[in-house]
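Participant: Sequence and predicted structure, then a few things I'm wondering about:
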Amino acid sequence: KKEKKEKKGKKESKRKSSSSSNSSSSSASSSSSSSSSSSAGSSSSSGSKQHKEKHSKEEKKKEKKHKKEKKSKAEADVVEVVGHQANSASASAATSSAAATTTTTTATTITATATTVTKTTVAAGEARPPRNLDDDVESLDSEVEGDDDGPAGKRRKRLSGGSGGGQEEASHKPRDPDAPASVILDLQAADLSVLPKAVKLLETGELEQKEQLAAAVANLTPTSVDRDGSMKVAMAAAGVIPPLVALLKAAVSDVQKQAARALHNLTSKNVENKTMVIEAGAVPTLLALVKRGSPPVREQVVGVLRNLAGGGKPENKAAVVDAGAIPVLILVLPAAAPEVQIHIAVILYNLANSAPARRDAITSAGAVPALIDLIASGIPQIQKEAADTLRVLAGGNQPACMEFAASGGIPPLCGMLKSANADVKKRATQFRDVLAKSGGRGVKAALESAKAM
């Protein structure tokens, strides 16, 4: 039993020893494992740290590279913007320069326009006399009318050599002083030394050239330009009047108008020129144009006739009447344009004034009813001229006074007597007094009944 106990004790001791060894081994193993794990963990941690540091360096490089690229791009953008601003400034400067040039051109145009307006105002004053005595009138028109696409514009282009390009090329070539274009340009510039050539061209040149020359004569001879009348004298002496009279028979309305304009101005305030126009046989052609001419031509033609029938030789008025002017003028009077009606009223006044035979001829041709329509028009200038002409016809002429009353003239006369226009009222009063004096009791009673007295 003792031995068994000892054996058992030995076995237990052995088992404990083995168990303790195993525990130690396990502990060692565990320690070793722990050490390995720790070492591995340490190694892993060290590798991760290196990886992070490497990644951080790469990120920093990328960021630095990105900043550098961004900076380069910003610098490029600045350069582009500066260049764009420089271009814009250059364009703006060019635009400003062009604008300055345009402004200068506009200022020049405005100055030229102001000068033209001033001249037209002076001429308008001459062509609108306060009373319709023997005062002469002038044409108020400027150069050939019509846009560049119209017939007159096309004729001007052909005459001047076409478009601006041709003119620029021509400007570099020596100009032939005897060429028609040169003669026209010189006359337009008031170079009177070319008058002999201009007269020859008016006689034998092309129709377009004749039109341009007639317009040049018309533009140089109004009193607002030719203040001392020397242009009118020089041109008439050079012989421009006969070819201008012949040009009235041209088949083109624009040409007729320019010829009439020139004669209109040449006969203003120049007795010799009036006689030359009549001697050139102009009156029958002028009367034909009064009847059948276009409105612009008719206005210029009656202006010429007004000058011919105005101040000057008595033979001039007789020549106008002998050509049959009275019935023609009265025929067109009612339907004519206002400006033409004014001219015709003045022509009839000039023919009737201090000439009983012509006065009776005018009354017999039906002037009184036609003139009554004019004083009823309500247009002050027409009313004044018509009332003056009626006054001349009625003075010492009882039949004319009675015809006026019987034709319904007193009511429109009363309207003029009540006009707010002082000049209209004055002319009406003068005419009423002549009616009351020359018309007899019947006319005076009619005036009193209408409360015109």
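Facilitator: That came through, no problem.
Participant: Downstream of the worst-scoring helix or strand of the chain on mean pLDDT, the next helix or strand is which one?
Facilitator: Taking mean pLDDT, DSSP states H and E as the measure, the helix or strand of the chain with the lowest value is helix 164-171, at a mean of 43. Proceeding N to C from helix 164-171, the next assigned helix or strand is helix 180-188, under DSSP states H and E.
Participant: Next, the buried residues of the next helix or strand along the chain from that next one.
Facilitator: Of the helices and strands lying after helix 180-188 in sequence (DSSP H and E), the nearest is helix 195-204. By 16 or more other C-beta atoms under 10 Å, the buried positions in helix 195-204 come out as 195, 197-199, 201-202. (Each C-beta comes from the backbone N, C-alpha and C, glycine too.)
Participant: Let me have these in JSON lines, extended by distance to Asp388.
Facilitator: As requested, the buried residues of helix 195-204 are exported to JSON lines (distance: C-beta to C-beta, whole Å):
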{"residue": "Leu195", "distance to Asp388": "39"}
{"residue": "Lys197", "distance to Asp388": "45"}
{"residue": "Ala198", "distance to Asp388": "40"}
{"residue": "Val199", "distance to Asp388": "39"}
{"residue": "Leu201", "distance to Asp388": "43"}
{"residue": "Leu202", "distance to Asp388": "38"}
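Participant: Report how many residues lie close to Gly395.
Facilitator: Neighbours of Gly395 under the rule other C-beta atoms under 10 Å: 18.
Participant: Leaving out sequence neighbours, find the closest residue to it.
Facilitator: Val434 (5.3 Å; C-beta to C-beta, 6 or more residues apart in numbering).
Participant: Can you give me the buried ones in the helix or strand harbouring that neighbour?
Facilitator: Val434 is part of helix 422-438 when elements are defined by DSSP H and E. Buried positions in helix 422-438, judged by neighbour count with 16+ other C-beta under 10 Å: 424, 427-428, 431-432, 434-436, 438.
Participant: burial measure for Arg306, as a count.
Facilitator: 27.
Participant: you'd agree it is up against Ala345?
Facilitator: No. Counting by C-beta atoms under 8 Å, Arg306 sits too far from Ala345 to count as a contact (9.7 Å).
Participant: need the buried residues of helix 195-204 in JSON lines with distance to Asp226 and pLDDT, can you?
Facilitator: As requested, these are arranged in JSON lines below (distance: C-beta to C-beta, whole Å; pLDDT from 0 to 100):
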{"residue": "Leu195", "distance to Asp226": "14", "pLDDT": "97"}
{"residue": "Lys197", "distance to Asp226": "20", "pLDDT": "97"}
{"residue": "Ala198", "distance to Asp226": "16", "pLDDT": "97"}
{"residue": "Val199", "distance to Asp226": "18", "pLDDT": "98"}
{"residue": "Leu201", "distance to Asp226": "21", "pLDDT": "97"}
{"residue": "Leu202", "distance to Asp226": "19", "pLDDT": "97"}
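Participant: who's in contact with the helix or strand containing Gln381?
Facilitator: For Gln381, the element it lies in under DSSP H and E is helix 380-394. Outside helix 380-394, the residues that touch it by C-beta atoms under 8 Å, 6 or more residues apart in numbering are 128, 131-132, 338, 341-342, 345-346, 348-349, 352-353, 359, 362-363, 367-368, 371-372, 374-375, 377, 400-401, 404, 409, 413, 416, 419, 421, 423-424, 427-428, 430-431, 434-435, 438-439.
Participant: Near the closest residue to Asn421 other than its chain neighbours, how many other residues are there?
Facilitator: Counting by C-beta to C-beta, 6+ apart, Asn421 lies nearest to Pro380, which is 5.0 Å off, once chain neighbours are set aside. Around Pro380 there are 15 other residues, counting by other C-beta under 10 Å.
Participant: Also Leu333?
Facilitator: By other C-beta under 10 Å, 21 other residues sit near Leu333.
Participant: What's the per-residue pLDDT of it here?
Facilitator: For Leu333, the pLDDT comes out at 97.
Participant: Return the residues in contact with it.
Facilitator: By C-beta under 8 Å, 6+ apart, the contact set of Leu333 is 341, 344-345, 367, 370-371, 374.
Participant: among these, which ones are buried?
Facilitator: Buried, going by 16+ other C-beta under 10 Å: 341, 344-345, 367, 370-371, 374, out of those.
Participant: Identify, from those, the entry nearest to Ala216.
Facilitator: Of all those, Ile344 has the smallest distance to Ala216: 28.8 Å, by C-beta to C-beta.
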